[in-house]
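**Q** Below is the sequence, then the predicted model.
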Amino acid sequence: MKSLSLSVISASILAAAASVSAPIAFADTELKHDSEYVIDGKVYGLPEAKVYRENYSGPAVVGDYLTQVPNLAKLDYEGNKTHNVRMDVFSQKVEVAPGVSYSAWTFGGSVPGPVLHVREGDRVIFKMKNRSDEEVTITKPVKNGSPFLQQVQANTYQNNQPVVNPMPHSMDFHSGTVAAEDKWRTISPGETIEFEWIANYAGTYMYHCGTSSVLMHTAMGQYGAVVVSPKDGYPTDADKEYVLVQSEHYLEEVGDGEFIYNHDAALNRQPSHVTFNGHVGALSDSPLRADEGDRVRLHVLNAGPSGTSSFHVIGAIFDRVWYEGDPRNEWYGMQTVLLGASNSATIDFIVPEEGIYKLVDHEFADAELGAAGALIAGPRKDK
Ligand SMILES: [Cu+2]
């Protein structure tokens, strides 16, 4: 009798919660264009991309939910939202390892590019100007830029310097479901492309330049992560949450600390460096932080362009793994997660003790080429 009344009460609470939250959760996933339609709650049929020329010299990255790795913006809104996101494409000289710099092709000025955080069902209105024929500086303060720019200005581990390298580029968001030849089309220096996509599926997704040679454009630095948080969240609550992007670099030295991309090395899959977050020191000089007893959540993306990652945390077991970040793809008790090029996983682990937890690609050739970092855990709190 007791259990029956309890279940009746909890059912009515659930029903009340559902009736309150449902209209909020889907308030903004309404159809906005005549071409759009819905299958299984997901929106398809977005309007054609626009390509035009604009006089623009404002911030290269605009949007409140764009951050520098390993940071992830907090989603401080209920339900769904339309995001106006700008991520211009231009060249920057960046450092990959101490004394190793090259003229990268970038989204937003860093390698990897900014992390975009949205919620499942959100709409993104994306704008990108090809400014590869301009010197664009991202390390000086600008008005109306995204948190990403402030974070780069505060943490310039890549030593970004503007360089000019006019080149056609494009943007391919794996988080979007669209006609690729339309939205992901290549634009010339001076052109701007604008298109929309809906975050139909939860997960952590790669974005990259899709202009030929895709191997070259990706290896030159044009990639990053979109984290689409599930509309009902994950089944656990994390105490700390970070983003980690693994990638290979194929560089050869041409002078004193000057390196260039080597296409033969890329074709032969012989990286000079493999990094977490774009620099061999990114997560060792600035380790991730947590406390003993914390549930740490990592959104790990292997950007490739060609290699796999066997991601492992020394001293921890992954309590839960959501492959590709989709809460339906749940695994338990994993020591290592294998990620092919452009695969991702959202990983939870409990920090067992105060100490140093090394993050590695357990393919140790990659770890020796730089795919290593650390999480430093302080003492247990509030217990
Ligand atoms: Cu490109």
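**A** Done, it's in.
**Q** And the residue of the stretch 51-200 of the chain closest to the ion?
**A** In the stretch 51-200 of the chain, no residue comes nearer to the ion than H169, which is 3.4 Å away by C-beta to the ion. Using the backbone N, CA and C atoms, a C-beta is placed for each residue, glycine as well.
**Q** how near is the residue nearest to G203 when sequence neighbours are not counted to the ion?
**A** Excluding the flanking residues, the one nearest G203 by C-beta to C-beta, 6 or more residues apart in numbering is G325, at 3.5 Å. The gap separating G325 from the ion is 25 Å, by C-beta to the ion, to the nearest Å.
**Q** Return the residues of the stretch 151-300 of the chain in contact with the ion.
**A** By C-beta under 5 Å from the ion, the residues of the stretch 151-300 of the chain that approach the ion are 169, 209, 211, 217, 222.
**Q** Between all of those residues, which two are at the greatest distance?
**A** T211 and Q222 (8.6 Å; C-beta to C-beta).
**Q** before we move on, the earlier item: show me what the residue of the stretch 51-200 of the chain closest to the ion is bridged to.
**A** Beta-bridge partners recorded for H169 (DSSP bridges): I187.
**Q** Can we start the residue count at 691 from this point?
**A** Yes, from this point I'll number from 691; that puts the last item at H859.
**Q** just to revisit the earlier point, between T901 and Q912, point out the one with more neighbours.
**A** Q912 (28 against 22; other C-beta atoms under 10 Å).
**Q** what about stretch 781-794 and the ion, any contact?
**A** No - using C-beta under 5 Å from the ion, we find that stretch 781-794 stays clear of the ion, coming within 10.2 Å at best.
**Q** how many other residues sit next to the residue nearest to L941 when sequence neighbours are not counted?
**A** Leaving out its chain neighbours, the residue that sits closest to L941 by C-beta to C-beta, 6+ apart is F949, at 4.0 Å. If you count neighbours by other C-beta under 10 Å, F949 ends up with 22.
**Q** Give me the distance between the residue positioned nearest the centre of the chain and the ion.
**A** Taking C-alpha atoms, centre = their mean as the criterion, A915 is the residue nearest the geometric centre of the chain, at 1.7 Å. Distance of A915 to the ion, given as C-beta to the ion: 17 Å.
**Q** For that residue, give me its contacts.
**A** 759, 802, 805-806, 894-897, 933, 935, 989, 991, 993, 1034 (C-beta atoms under 8 Å, 6 or more residues apart in numbering).
**Q** contacting residues around D1051?
**A** If you count contacts by C-beta under 8 Å, 6+ apart, D1051 has them with 936, 964, 999-1002, 1057, 1061-1062.
**Q** Which of these fall within strands?
**A** Secondary structure defined by DSSP state E assigns 936, 964, 999-1002, 1062 of the contacts of D1051 to strands.
**Q** ok, back up a step: check the gap between the residue of the stretch 741-890 of the chain closest to the ion and G835 for me.
**A** Applying C-beta to C-beta, to the nearest Å, the value for H859 to G835 is 21 Å.
**Q** Looking at these two, which is more packed in?
**A** H859 (26 against 21).
**Q** Go ahead and confirm that one touches I877.
**A** Yes - counting by C-beta atoms under 8 Å, H859 does reach I877; the two are 6.8 Å apart.
**Q** which residues are common contacts for those two?
**A** N820.
**Q** Endpoints of stretch 842-851, how far apart?
**A** Taking C-alpha to C-alpha, to the nearest Å, stretch 842-851 runs 12 Å from one end to the other.
**Q** What's the mean pLDDT across that stretch?
**A** On average, the pLDDT along stretch 842-851 is 92.
**Q** got the buried residues for that stretch?
**A** Within stretch 842-851, the residues that count as buried by 16 or more other C-beta atoms under 10 Å are 842-843, 847-848, 850.
**Q** Same check on stretch 1045-1058?
**A** Residues of stretch 1045-1058 classed as buried by neighbour count (16+ other C-beta under 10 Å): 1047-1053, 1056-1057.
**Q** So which residues of the stretch 941-1073 of the chain form helices?
**A** Ranges of helices in the stretch 941-1073 of the chain, per DSSP state H, counting those that start in this stretch, are 953-957, 972-975, 1054-1058.
**Q** As TSV, these with distance to I1007 and mean pLDDT would be great.
**A** Compiled in TSV, the helices of the stretch 941-1073 of the chain are given as follows (distance: least, C-beta to C-beta, whole Å; pLDDT from 0 to 100):
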stretch	distance to I1007	mean pLDDT
helix 953-957	35	98
helix 972-975	20	96
helix 1054-1058	19	98
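**Q** Relative to T1026, which of those is closest?
**A** helix 1054-1058 (11.9 Å).
**Q** about what we covered before: max pairwise distance over the ones in strands among the contacts of D1051: which two?
**A** Pairwise distances across the ones in strands among the contacts of D1051 (C-beta to C-beta) peak at 14.1 Å, for the pair V964 and H1002.
**Q** which residues sit in contact with the residue nearest to G893?
**A** Residues near G1015 by C-beta under 8 Å, 6+ apart: 892-895, 917-918, 989, 1034-1036.
**Q** repeat that with 7 Å
**A** In this structure, G1015 makes contact with 892-894, 989, 1034-1036, judged by C-beta atoms under 7 Å, 6 or more residues apart in numbering.
**Q** can you put those in JSON lines and add neighbour count?
**A** As requested, those are exported to JSON lines (neighbours: other C-beta atoms under 10 Å):
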{"residue": "A892", "neighbour count": "27"}
{"residue": "G893", "neighbour count": "26"}
{"residue": "T894", "neighbour count": "29"}
{"residue": "H989", "neighbour count": "27"}
{"residue": "S1034", "neighbour count": "31"}
{"residue": "A1035", "neighbour count": "26"}
{"residue": "T1036", "neighbour count": "31"}
